[in-house]
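[1] I would like the atomic coordinates for the input below:
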Amino acid sequence: MKAKEKTTFRKIEYHKKESFYLIVRGVEVGIVSGLIAVLYRFLLSFAEEKLLAVLDYIKGNPLRISIWFIALIAMGVFVTFINKWEPSASGSGIPQITGEVKGYLSQSWWRVILAKLIAGTTSVFAGLSLGREGPSVQLGGMAAKGVAKITKADKTTEHRMISCGAGAGMAAAFNAPLAGTMFVLEEIHHTFDKSLLCMGIVATITADYTSKLFFGQDTVFNYDTVNFPLRYYWLLILLGIILGICGVLYNVIMSKAQDIYKSISKVPNYIKLPCVFILSGIIGLVLPQVLCGGHSMVEFLMNDQPSVGIMLFLLAAKFLFGAVCFASGAPGGTLYPLCILGTYIGAVFGAVSINALGLSPKLWEEFVVIGMAGFFASIVRAPITGIVLVFELTGNMNNILPIATVSLISYAVANLLGINPFYETLLEKIINKNPAKPEFHSKNEKILRTYVIPTGSPLSNKPIMDINWGRHCLVVSIERNDVSITPKGDTLLKEGDELAILVSQRHFARDNERLEKIING
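    Predicted coordinates:
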């Protein structure tokens, strides 16, 4: 038997060493991805600190301001050429990782890491409204891919490592290991894979531990919990509806902003992007709170509790500036900035509700946190990840019911309005623009992929032989109620069955997409 066949079929066999193998790989991924994410987090914190120092230094001095704007133009040109050198490093990074896992893209792991670290730090030093979390997901995934390549892992393991590296990157960026794991399962894979879960939990916990060694164990938000009155739960329903609508508008406007920016084709990127950097310089002189990821906006909100008018102004300014920065394709994320927008929507709603209904002022912080979870759920369409993320960001689980209520309502409203999730839309654009042929399409090694038959699937109660799996796909195992079943032609599939399917690398992107459609209906 050939070496590649042995490698492939080793993944089919269940044996006692499998769990240990996944744990070891998870530790490897967690350490490497965590360190890369920590490095990026440190660089961005340093860049933001120096940016504020520069803005303070040039204030009121025309000569210094002029020199700063010349530097901004130079930085814009520099980032333009970095993006041209490695296009996969532009933007958030989350859709690129999803595309890699689904077989549409094959990125050069070291080029992406190098370009993202340099260009992302430069963009934040210039003040662009971009966060670290999305890029940390991509950096973590690419670091894991590097480990897989260096250790000569098979393609099944490499795919798992990339996915778990993405979760580890998110865990290190947010100090949220559970959210990192859920993000991989809910947003990237849209399914439950026990092997992925095992490796993912180990990777995210390891990455979170690595991050806390450098940045400490403090949570991002600290607040005193107040029980939300049951008779006012109708407010949460209303807030969920509002956040669902706002999330859809966010997706539409962000996508349209990207289209408008790209439609200005007569102006080259080395001119367009520096213009965005100049805009950042202007905003830095008049409204520095909306620069970078938004940490200063959170501090201002929680410490000063501004009026509704000021909150609305900052909300609009952050959103518009963020849309311009995102549309430019500068390396940087939208995940944390959108969380900041959610906190401000929740804060405005909470302030109005408290004043109108005479509620306890202590509930205002609850609205802030709930708004963040609900807005995340409506945009990303990952409500469980949003709920877990907010819990880990606050270190507080006492008000999980209000958070879950708003998140699920906003998620349902966004789905009802029929607009695709944010990162799914971005991935479609990347694929349509760059229908790249992944490096492994020319190879014959198989990839073992796990799929779970959901409730209501058209495959339920159908025999395997009646389903058109495709020429390059083979069902090799079925797990039902923790019992392994050898698949035969007359084997009836049931809801909840976990299918292990071998898919050809050469046709992986196409066949994986088709399998997801026939399984999910």
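[2] residues contacting the helix or strand containing residue 270, please?
    If you go by DSSP states H and E, residue 270 is part of helix 269-286. Contacts to helix 269-286, defined as C-beta atoms under 8 Å, 6 or more residues apart in numbering, come from residues 51, 55, 59, 65, 68-69, 72-73, 75-77, 79-81, 83-84, 126-129, 261, 264, 290-291, 317, 321, 324-325, 328-330. Every C-beta, even on glycine, is put in place using the N, C-alpha and C of the backbone.
[3] so what's residue 85 closest to, chain neighbours aside?
    Take residue 85 and drop its neighbours on the chain: the residue closest to it by C-beta to C-beta, 6 or more residues apart in numbering is residue 115, 6.5 Å away.
[4] may I have the phi/psi pair for that neighbour?
    Phi and psi for residue 115, reported as degrees, to the nearest 10, are phi -70, psi -40.
[5] quick one: the strands in the chain?
    In the chain, the strands defined using DSSP state E lie at 446-452, 473-480, 483-485, 498-504.
[6] mind putting those into JSON lines with distance to residue 352, mean pLDDT and mean neighbour count?
    Listed next are the strands of the chain as JSON lines, based on distance: least, C-beta to C-beta, whole Å; pLDDT from 0 to 100; neighbours: other C-beta atoms under 10 Å:
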{"stretch": "strand 446-452", "distance to residue 352": "43", "mean pLDDT": "84", "mean neighbour count": "22"}
{"stretch": "strand 473-480", "distance to residue 352": "51", "mean pLDDT": "86", "mean neighbour count": "18"}
{"stretch": "strand 483-485", "distance to residue 352": "55", "mean pLDDT": "83", "mean neighbour count": "10"}
{"stretch": "strand 498-504", "distance to residue 352": "47", "mean pLDDT": "86", "mean neighbour count": "21"}
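[7] export these to CSV and append columns for distance to residue 104.
    Formatted as CSV, these follow (distance: least, C-beta to C-beta, whole Å):
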stretch, distance to residue 104
strand 446-452, 14
strand 473-480, 17
strand 483-485, 31
strand 498-504, 14
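[8] to residue 355, which of those strands lies closest?
    strand 446-452 (47.3 Å; C-beta to C-beta).
[9] can you pull the contacts of residue 500?
    Applying C-beta under 8 Å, 6+ apart, the residues contacting residue 500 are 12, 448, 449, 450, 475, 476, 477, 478, 479.
[10] ok, these vs residue 108, which is closest?
    For those, the nearest to residue 108 is residue 449 (23.7 Å; C-beta to C-beta).
[11] tell me the bridge partners for the closest one.
    residue 501 (DSSP bridges).
[12] that one and residue 425: what is the separation?
    24 Å (C-beta to C-beta, to the nearest Å).
[13] again with residue 227
    From residue 227 to residue 425 the distance is 38 Å (C-beta to C-beta).
[14] for residue 136, find the nearest of the strands of the chain.
    Once the strands of the chain are compared by C-beta to C-beta, strand 446-452 is nearest, at 25.5 Å.
[15] near the nearest residue in space to residue 252 that is not next to it in sequence, how many other residues are there?
    Spatial nearest neighbour of residue 252, chain neighbours left out: residue 419 (6.2 Å); criterion: C-beta to C-beta, 6+ apart. Number of residues near residue 419 (other C-beta atoms under 10 Å) recorded here: 19.
[16] for residue 419, give its distance to residue 245.
    For residue 419 relative to residue 245 (C-beta to C-beta), the value is 10 Å.
[17] low-confidence stretches in the stretch 351-500 of the chain?
    The stretch 351-500 of the chain contains residues with pLDDT under 70 at 434-444.
[18] mind listing the helices for it?
    364-380, 383-394, 400-416, 422-433 (DSSP state H, counting those that start in this stretch).
[19] how about the stretch 101-250 of the chain?
    109-125, 133-150, 155-174, 177-183, 194-215, 233-263.
[20] any idea how far the last one is from the chain center?
    Put plainly, it is helix 233-263. What separates the centre of helix 233-263 from the centre of its chain is 17 Å, taken as C-alpha atoms, centre = their mean, to the nearest Å.
[21] out of residue 227 and residue 425, which sits in the more crowded spot?
    For residue 227 versus residue 425, neighbours defined as other C-beta under 10 Å are more numerous around residue 425 (17 against 13).
[22] which other helices and strands contact the longest helix seen in the chain?
    Longest helix in the chain, counting residues (DSSP state H): helix 17-58. Helices and strands touching helix 17-58, by 3 or more C-beta pairs under 8 Å, 6 or more residues apart in numbering; DSSP states H and E, are helix 62-85, helix 109-125, helix 133-150, helix 155-174, helix 194-215, helix 269-286.
[23] where are the low-confidence patches of the protein?
    If you take pLDDT under 70 as the line, the chain has these spans: 1-18, 220-224, 434-444.
[24] hmm, 50 instead?
    1-8, 14-16, 436, 438-442 (pLDDT under 50).
[25] might one say that residue 255 is in contact with residue 424?
    No - when contacts are counted by C-beta atoms under 8 Å, residue 255 is not listed as touching residue 424 (10.9 Å).
[26] the more surrounded of those two?
    residue 255 (20 against 15).
[27] check contacts around that one.
    Here residue 255 is in contact with 425, 429 (C-beta under 8 Å, 6+ apart).
[28] go again with 10 Å.
    323, 326, 327, 419, 420, 422, 425, 426, 428, 429 (C-beta atoms under 10 Å, 6 or more residues apart in numbering).
[29] can you give me the distance of residue 290 to residue 124?
    13 Å.
[30] ugh, wrong one, I meant residue 498
    Counting by C-beta to C-beta, the gap from residue 498 to residue 124 is 42 Å.
[31] next one: residue 500
    Taken as C-beta to C-beta, the span from residue 500 to residue 124 is 43 Å.
[32] pull out the buried residues from the helix holding residue 270.
    If you call a residue buried by 16 or more other C-beta atoms under 10 Å, then helix 269-286 has these buried ones: 269, 272, 273, 274, 276, 277, 279, 280, 281, 283, 284.
[33] one more: stretch 62-73?
    Buried residues in stretch 62-73 (16+ other C-beta under 10 Å): 68, 69, 72, 73.
[34] which residues touch that stretch?
    54-55, 57-59, 61, 125-127, 271, 273-282, 284-285.
[35] picking up where we left off before, what is in contact with residue 419 and residue 245 at once?
    residue 378.
[36] skipping adjacent residues, who's closest to residue 416 in space?
    residue 244 (7.8 Å).
[37] isn't the one you found up against residue 378?
    Yes - contact criterion C-beta atoms under 10 Å: residue 244 and residue 378 qualify, at 4.7 Å.
[38] neighbour-wise, which of the two wins?
    residue 378 (37 against 26).
[39] isn't that one up against residue 372?
    No - between residue 378 and residue 372 there is no contact under C-beta under 10 Å: 11.3 Å.
[40] what is in contact with those two at once?
    With C-beta under 10 Å, 6+ apart, residue 378 and residue 372 have common neighbours 243, 338, 342, 386, 406, 407.
[41] ok, and the most crowded of these?
    Neighbour max across these (other C-beta under 10 Å) = residue 406, 35 neighbours.
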